[in-house]
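>>> Pasting the sequence and the predicted coordinates here, then a few questions.
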There are 4 protein chains.
Amino acid sequence: MHHQFVPTQYYRALGPYEPVLRLKSGDTLTTTTVDAAGGDEHGVTVTPRGNPQTGPFHVEGAEPGDTLVVRLDQIRPNRPTGWARSVVAPNVVDPTYVKQLPETPLAEWAINHDDGTATLIAPTSTIGRLTIPLEPMLGCFGVAPFRQQAIFTATSGEHGGNMDYRGFVAGTTVYFPVFEPGALFFLGDGHAAQGDGEIAGTGIEISMSVTVTLSVLKTKTIGWPRGENQDFIFTVGNARPLDQCLQHATTEMLRWLEQDYGLDAVGANLLLSQCVRYDLGNMFDPAYTMVCKLPKSVLPARKH
Amino acid sequence: MHHQFVPTQYYRALGPYEPVLRLKSGDTLTTTTVDAAGGDEHGVTVTPRGNPQTGPFHVEGAEPGDTLVVRLDQIRPNRPTGWARSVVAPNVVDPTYVKQLPETPLAEWAINHDDGTATLIAPTSTIGRLTIPLEPMLGCFGVAPFRQQAIFTATSGEHGGNMDYRGFVAGTTVYFPVFEPGALFFLGDGHAAQGDGEIAGTGIEISMSVTVTLSVLKTKTIGWPRGENQDFIFTVGNARPLDQCLQHATTEMLRWLEQDYGLDAVGANLLLSQCVRYDLGNMFDPAYTMVCKLPKSVLPARKH
Amino acid sequence: MHHQFVPTQYYRALGPYEPVLRLKSGDTLTTTTVDAAGGDEHGVTVTPRGNPQTGPFHVEGAEPGDTLVVRLDQIRPNRPTGWARSVVAPNVVDPTYVKQLPETPLAEWAINHDDGTATLIAPTSTIGRLTIPLEPMLGCFGVAPFRQQAIFTATSGEHGGNMDYRGFVAGTTVYFPVFEPGALFFLGDGHAAQGDGEIAGTGIEISMSVTVTLSVLKTKTIGWPRGENQDFIFTVGNARPLDQCLQHATTEMLRWLEQDYGLDAVGANLLLSQCVRYDLGNMFDPAYTMVCKLPKSVLPARKH
Amino acid sequence: MHHQFVPTQYYRALGPYEPVLRLKSGDTLTTTTVDAAGGDEHGVTVTPRGNPQTGPFHVEGAEPGDTLVVRLDQIRPNRPTGWARSVVAPNVVDPTYVKQLPETPLAEWAINHDDGTATLIAPTSTIGRLTIPLEPMLGCFGVAPFRQQAIFTATSGEHGGNMDYRGFVAGTTVYFPVFEPGALFFLGDGHAAQGDGEIAGTGIEISMSVTVTLSVLKTKTIGWPRGENQDFIFTVGNARPLDQCLQHATTEMLRWLEQDYGLDAVGANLLLSQCVRYDLGNMFDPAYTMVCKLPKSVLPARKH
């Protein structure tokens, strides 16, 4: 079934809140997300800032210990401009350099849906008229956390949240551990494009029209968000510092290889050692994000 | 001029040692490197293990405060097999997972120069016969460090050293700050291929035939290694933890943009914010490595 | 007024839950806490493990932006034995050493209230009969977090939580930022004694009889928990890694000195530079804890 | 034998340099150290800044794999004023707070040898006339590093170096691993007093008259600096970030307990878990320092 859902309220934490809609496993959902500051498709601020989330969506049959499968079918900016911070965050430069970071107003970017680009239109600087490709993605999405916590949308964890990974584009499938009955899926914080690390604290923030297909893998338990696209499988570690993100993601990948690809520990280690790739997600949050990837070309057949 | 140099001794530290050869700025050098354990092209151990370095090479006219330009012209494995550790290092998995890492002998990989692949031939495991593309690179190279230090080849710093970055392949140009008269260039630790992070502590370790062209940029001072290839410019931060590597690399990139590309601070920050990419170099050393990249497609013209 | 409160339920998260009791600012409260595994004064498990909290207690007049003052009047173990993990956590030793950590059952410690000591009675080992002084303290306590989050009791933040600082003994006054009306104070996780860092993941875990006096500082806003005892004032930073804990605590101390002690920025920096002391709280949690201290002997008179 | 040595040159790296004096194991040495900026007892700059070291001193019979024992007999400031940085370093505060750190000239402190105090005499600020107790200590000392490295005096490692630990006062005995024949002992960077972490980047920097007694423990191999005073034994971890310092120090302490105190792994872990204390050394260097301590009151008798 394909649901159309128009949100009328938003949450700034992922938690065990009352679902706004109940779906069956396999259903598709089209909805909208406001931007990080609560701005909708008309540029009107409809809810307070802080990565407001659409949802939660209850997926029938999802129980703690299962896995929620989120296929990102479409992620499209639904208005003509996005905004961004203009200066990198003080935590991504040398402490001795922080005083040299400029103070600058927010940037404004024009979205061209026809040629698939974003163009910087303010503030003016020596960079002039910068045009880059659109890469629409979701910055913050996930499920209700374990032990009935409610965790705010600036950070991330085993439940997903504010991961700001450039890989979360349409065509990608994401897996989340289920901690609450119905999983309780949330989504928001769309970016028209973003640099690795979201090092200025924002991508090009914009409201989105999003279509996802949600389904449940019963009795399949994972520890951290996982995903796959045409070329790679990947695992996501959310923590601080980056070293720990990488440890979580690498450990989760070793487990995945042993559980689902029929590899023993030696085989999994041999494969990972020479073939692994890492991407940087968010490095601005309380919790950072790193992604551990393996090319499907080197993987044995999946058993499960 | 094109020098052919056959090494007869090796160093396991980068320091202010007597040069083995003196070159003019712009000269090309072809030489060989032994593998990380001191094995040469015949598989004979000719020097003790620990990333033994060929060199140092003195480049005439290089003075402290200048920049050494190293064009990596050719990096070719010069024997039929390489070796690797088989298990990822305990520092790249969750501390609670360390006890589950297997104990396994070194891996052996056969190099096929004809089709450009490496094939795992031992130990046997469920991964079977794994074949991956050759991506020959230098793991450890650089110049004599500042203040006449001698720093061992397991680690890295402003002077380069054991960075284990997959991007150091033929066709790449690398820039090092010069701290000693003549720069004193060292090279070694070739890998036939490597995963990001060198997370098992080795790539596919092999002896190499290497050709580089060395030249001096006078009165051009940089803080950290920089580089460029056909598509990207990049900066390299060597430190621990990863957060600090990224801070060094990002700061160095901001400086580069302002010094050489005619950008003011606002322009440099705007560009970096939405276009930056990060790669992971070594995450096994005492010092880790992260690389900050920008696509040349978004760069203004270089002024210097 | 002095309240006696007997808990009948416990929370494993600090959040915006319904208060169990309402107090006036200045009231004193005597209650009990179960141990980290839910064991009460009779050694009976009355609630699931995970630092179950007594509370929350609503303090009249406390509003977001105020400060809650918690005077720790009395913290007394109320049963004859406590338990502890016997082996240090894998994250506090070198990754290469983790495989050498032994596997051992929980330790049991006998509490002697007469001479104020704890004596190790199991497991048997070469350490024999180890007797150490009692230093009863609260491991996990604090208030409801900001933005209506519910954060589990294994970790810590601006709201307090599982800080496991040896300085939280009777005679200490602790200050928490107020995020919810009534502050919503929670307490639990008593330790008869503990090493710095709680490096095995537990102190000597025991149920407690606790007396605290709670009051409100109106329109006094702080960023992180603060405290004082007879000799020191201190600030508490909860985060990961330790470097960031120290940054939070040091920044909060600089703010305190400028806000309340009449110091300008130069004076605060001069004082801190040569007189600061740091203590380690928890280094086992998702979030670690470090404490920044100044001796009262070097402080100017408090203005506020 | 008691040697009097007057230095005429200084090193800014610890390395395998020609000894300035040869001692027998058990000999006592009285010498002087210049301050961190190269200033001597007359306040004259006699050598370039950067923790210049007196030495190296060769101790007869010390071979790689042995331990050098350094008894700190006397450490006395030998001039009437010391200097200090006035502002804490940007790496010890929140990145978002760095821009609020003031710019201030160096501080000057008057040393009163009669009453054992230091008094701040410049710059003027709201802190006024601050007087604190003298705690004379050595900031940077140690031995030539492993593998014939030469490592500059701003940082630290297994060989010691710039640890800036307030515990290195007269009456303390320090143990260093020996990497070079004769150990090659260096010393310098005296502080009249210092806050934990040396968070402004200096203590009260001053030239010193120092007496030490040097001896060799044959065939006693240690991994990191160790020490003891009247009340505690301790181990020193030098690395970055603090988490790793603590891991090194804790691992070294477990090894010490098992090797020299007759404890099995379970006993060592039980003891450490509830009795450990940690101190912060330098948090300004490239490498930070943390110290793991155990009270002698809880230790079994030393076997070796």
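Structure received. Residues are numbered from 1 along each chain as shown, chains lettered A, B, ... in the order given.

>>> Compute the distance from the centre of the lengthiest helix in chain A to the centre of its chain.
Longest helix in chain A by number of residues (criterion: DSSP state H): helix A:242-260. Distance, stretch centre to chain centre, for helix A:242-260: 18 Å (CA atoms, centre = their mean, to the nearest Å).

>>> again, but for stretch A:195-207
12 Å.

>>> can you tell me if it touches chain B.
Yes - Stretch A:195-207 reaches chain B (CB under 8 Å from any CB of the partner chain) through A:G195, A:D196, A:G197, A:I199, A:A200, A:T202, A:G203, A:I204. Bear in mind the C-beta positions are built from the backbone N, C-alpha and C, glycine included.

>>> Take that stretch, keep the C-alpha atoms, and write them as CSV.
Only the C-alpha atoms of stretch A:195-207 are listed here, as CSV (Å, rounded to 0.1, in the frame of the first residue of the first chain):
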residue,chain,number,x,y,z
GLY,A,195,30.2,18.2,2.4
ASP,A,196,31.6,15.2,4.3
GLY,A,197,31.3,15.7,8.0
GLU,A,198,28.7,18.5,7.7
ILE,A,199,31.7,20.5,9.1
ALA,A,200,29.9,23.8,9.1
GLY,A,201,27.1,22.3,11.1
THR,A,202,24.7,22.3,8.2
GLY,A,203,24.4,21.0,4.7
ILE,A,204,22.2,23.0,2.3
GLU,A,205,19.1,22.8,4.6
ILE,A,206,15.9,22.4,2.8
SER,A,207,12.4,20.9,3.1
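
>>> What residues does the stretch 51-200 of chain A have near chain B?
Residues of the stretch 51-200 of chain A lying near chain B (CB under 8 Å from any CB): A:84-88, A:91-95, A:97, A:100-102, A:104, A:107, A:118, A:120, A:123, A:125-128, A:130, A:132, A:193-197, A:199-200.

>>> if we can go back for a sec, for the residues of stretch A:195-207 next to chain B, give me a markdown table that also has secondary structure.
Converted to a markdown table, the residues of stretch A:195-207 next to chain B look like this (DSSP: H, G, I helix; E, B strand; the rest coil):
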| residue | secondary structure |
| --- | --- |
| A:G195 | coil |
| A:D196 | helix |
| A:G197 | helix |
| A:I199 | coil |
| A:A200 | coil |
| A:T202 | coil |
| A:G203 | coil |
| A:I204 | coil |
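
>>> Go through these and give me the one with the most neighbours.
Within the residues of stretch A:195-207 next to chain B, most neighbours by other CB atoms under 10 Å in any protein chain shown means A:G197, with 31 neighbours.

>>> Need the three-state assignment for the closest residue to that one other than its chain neighbours.
Distances taken as CB to CB, 6 or more residues apart in numbering or on different chains place A:M283 nearest to A:G197, at 3.9 Å, with adjacent residues excluded. Following three-state DSSP, A:M283 is assigned to coil.

>>> and if you look at the one 10 residues further on?
Three-state secondary structure (criterion: three-state DSSP) places A:K293 in strand.

>>> okay, it: pLDDT?
pLDDT for A:K293: 98.

>>> Can you tell me which residues in the stretch 201-304 of chain A are near chain B?
Going by CB under 8 Å from any CB, the residues of the stretch 201-304 of chain A near chain B are A:202-204, A:241-243, A:246-248, A:250-251, A:254, A:262-278, A:280, A:283, A:288, A:298, A:300.

>>> Buried only: go through those residues for me.
Buried members of these, counted by 16 or more other CB atoms under 10 Å in any protein chain shown: A:202-204, A:241-243, A:246-248, A:250-251, A:254, A:262-263, A:265-278, A:280, A:283, A:288, A:298, A:300.

>>> how about the strands in the stretch 101-250 of chain A?
Ranges of strands in the stretch 101-250 of chain A, per DSSP state E, counting those that start in this stretch, are A:107-112, A:117-122, A:131-133, A:137-143, A:151-152, A:156-157, A:160-162, A:173-177, A:185-191, A:208-217, A:226-228, A:232-239.

>>> Distance check, the closest residue to chain C within chain A against A:A110.
Per CB to the nearest CB, A:A150 is where chain A lies closest to chain C, at 4.4 Å. A:A150 sits 37 Å away from A:A110, going by CB to CB, to the nearest Å.

>>> repeat for A:A122
From A:A122 to A:A110 the distance is 10 Å (CB to CB).

>>> try A:R12
28 Å.

>>> repeat for A:T81
Taking CB to CB, one finds A:T81 at 6 Å from A:A110.
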